[in-house]
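Asks: Pasting the sequence and the predicted model now:
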Amino acid sequence: MLDLIVRNTLLPGQKNPVDLGVLSGKIVEMAPRLDQECNEEFDAGGYLVTPPFVDPHFHMDATLSLGLPRFNESGTLLEGIQIWGELKPDLTAEAIKNRALDLLHWSIARGTLAIRTHVDVTDPSLLAVDVLLEVKKEMQQWVDLQLVAFPQDGLLRSRNGKELLLAALDKGVDVVGGIPHFEKTMEQGREATTWLCELAAKRGLQVDMHCDESDDPLSRHIEHLAYEASRTGLGAKVTGSHLTSMHSMDNYYVTKLLPLIAESGVQAICNPLINIHLQGRQDSYPKRRGLTRVPELLRAGINVAFGHDCVMDPWYPMGSHDMLEVAHMGAHCLQMLGAGQLGDIFSMVTTRAAEVMQLEDYGIEVGKEANFVVLQARSVLDAIRLKPARLAVFRKGVCIAKTPELKAEVRIGVGKRSIDFLHG
Ligand code: FE2
């Protein structure tokens, strides 16, 4: 006797729907038609059913703080960091927790069930670290959270940066973070990168650094990060986030850099919503888009994922934690709307992002956890194009969120037509 059968699920890239059989929170059978008895049935109606969305780069300590204590008028990264610095002394555990929980309810409704969040460890109280560790534990049944010890004000530049980062890891933060381009000098950026990679290797942890989030073509910390990933043996346990300076780098140098990153195994994260908004701010015209070179990274064999980065905080006033919004923006800004490229775009908010987070048990396969999302779409193209309703979100075989179908009724003259925006 199965616990649940989800009927008529159209998996990405497939033509014919299948039924999914679930027992004890796992997918135990997949076939065109399951005849077993079951306690519960859900009809997916031939709609697209995908693994949950994964956000491998987020800032949950700052989320939903928009306007506190003021709005970012210049739209720059640096004004955002300044506003965050003004807000930090007034943060309370209750406010951080309430905002994080509100955000996670949005995430679940959007089908995002795994999130890697950076948490600022340059606040001497480590308040946000304690709160987010608590949130991680409280929400673990519904969402997989990974925390990154992120020295927002610089590991060497901030007071007691190293000690605070170590203390955060001792409390149970999962991943080693960094921000080499924000240290005082290029040399200190290098020094911080080496120290952080050695620390991660010693403790057996992953590394995920904010790296070269600038329009400066000479910001080349990714080169040193790749070198350290190889030297310490960390390899694919290292991720470079943002990497926006690569957009502005000399093309010849990039032909040397890409194979170095590929050889090292370092993975990359691009944050399209935030960096199309923050980059190129000192340019007149033409204005650089400032996103890292995603098609070229992929062609070089480097794993790339998309992150949401921010929702309604000092850096970005928009968003509802919808990874399909990220995919939609990325596809446009990176000029990746080719038929063959949309599969890559979709994988960057699903499977490729899961690879960055090294999630076990990810994907719709027999033996894996029964985590999946039913979308009001018939194809990956429609999913990216429409960012449609997540009709049902399943976690370990339990439906934990529902959104009604979107239909519009158009009345023209004497005619009346119901439409759902799906193609074909
Ligand atoms: Fe970030």
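Replies: Nice, I can see it. Numbering: from 1, shown residues only.

Asks: contacts, neighbours, all on C-alpha from now
Replies: OK.

Asks: Name whatever forms a beta bridge with Val398.
Replies: According to DSSP bridges, the partner residues bridging Val398 are Arg395.

Asks: Next one: it from Thr92, what distance?
Replies: Using CA to CA, to the nearest Å, Val398 is found at 34 Å from Thr92.

Asks: Pick out whichever of these two has more residues nearby.
Replies: In terms of neighbours (other CA atoms under 10 Å), Val398 is the more surrounded of Val398 and Thr92; the figures are 17 against 12.

Asks: Tell me the spacing between that one and Ile27.
Replies: Val398 sits 12 Å away from Ile27 when distances are taken as CA to CA.

Asks: Also His181?
Replies: Taking CA to CA as the criterion, His181 is separated from Ile27 by 44 Å.

Asks: for the residue nearest to Leu145 when sequence neighbours are not counted, what are its contacts?
Replies: With CA to CA, 6 or more residues apart in numbering as the measure, Ile115 is the residue that lies nearest to Leu145, at 5.0 Å, once sequence neighbours are left out. When the contact criterion is CA atoms under 8 Å, 6 or more residues apart in numbering, the partners of Ile115 are 54-58, 143-146.

Asks: Now render these as CSV, adding pLDDT, secondary structure and distance to Trp84.
Replies: Converted to CSV, the contacts of Ile115 look like this (pLDDT from 0 to 100; DSSP: H, G, I helix; E, B strand; the rest coil; distance: CA to CA, whole Å):
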residue, pLDDT, secondary structure, distance to Trp84
Val54, 99, strand, 25
Asp55, 99, strand, 22
Pro56, 98, strand, 21
His57, 98, strand, 18
Phe58, 98, strand, 15
Val143, 98, coil, 26
Asp144, 98, strand, 26
Leu145, 98, strand, 22
Gln146, 98, strand, 22
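
Asks: quick check, nearest of the residues you listed to Lys136?
Replies: Of all those, the one with the least separation from Lys136 (CA to CA) is Leu145, at 5.7 Å.

Asks: That closest one: neighbour count?
Replies: Residue crowding around Leu145 was assessed by other CA under 10 Å; the count is 22.

Asks: So for stretch 222-229, mean pLDDT?
Replies: pLDDT averaged over stretch 222-229 equals 98, rounded to a whole number.

Asks: So which residues of the chain form helices?
Replies: 77-87, 93-109, 127-139, 161-171, 186-203, 221-232, 245-248, 251-264, 272-278, 294-299, 323-333, 339-347, 351-356, 380-386 (DSSP state H).

Asks: Can I get these in a markdown table including mean neighbour count and distance to Glu409?
Replies: Putting the helices of the chain into a markdown table (neighbours: other CA atoms under 10 Å; distance: least, CA to CA, whole Å) gives the following:
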| stretch | mean neighbour count | distance to Glu409 |
| --- | --- | --- |
| helix 77-87 | 17 | 43 |
| helix 93-109 | 18 | 25 |
| helix 127-139 | 18 | 39 |
| helix 161-171 | 18 | 54 |
| helix 186-203 | 18 | 56 |
| helix 221-232 | 21 | 52 |
| helix 245-248 | 23 | 44 |
| helix 251-264 | 16 | 51 |
| helix 272-278 | 23 | 32 |
| helix 294-299 | 17 | 40 |
| helix 323-333 | 21 | 25 |
| helix 339-347 | 18 | 30 |
| helix 351-356 | 24 | 36 |
| helix 380-386 | 19 | 17 |
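
Asks: Please convert the ones you listed to a markdown table, extending it with distance to Asp313.
Replies: Output for the helices of the chain, formatted as a markdown table (distance: least, CA to CA, whole Å):
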| stretch | distance to Asp313 |
| --- | --- |
| helix 77-87 | 8 |
| helix 93-109 | 11 |
| helix 127-139 | 15 |
| helix 161-171 | 23 |
| helix 186-203 | 26 |
| helix 221-232 | 26 |
| helix 245-248 | 23 |
| helix 251-264 | 31 |
| helix 272-278 | 11 |
| helix 294-299 | 26 |
| helix 323-333 | 16 |
| helix 339-347 | 25 |
| helix 351-356 | 23 |
| helix 380-386 | 25 |
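
Asks: which one of the ones you listed lies closest to Arg33?
Replies: Between Arg33 and the helices of the chain, the shortest separation by CA to CA is 23.2 Å, and it involves helix 380-386.

Asks: Now do Thr232 against Pro259, distance only.
Replies: Between Thr232 and Pro259 the distance is 18 Å, computed by CA to CA.

Asks: so Ala114 makes contact with Phe53?
Replies: Yes: the pair Ala114 / Phe53 is scored as a contact, 7.1 Å apart, by CA atoms under 8 Å.

Asks: Looking at these two, which has the bigger crowd around it?
Replies: Using other CA under 10 Å as the criterion, Ala114 and Phe53 rank with Phe53 on top: 27 against 24.
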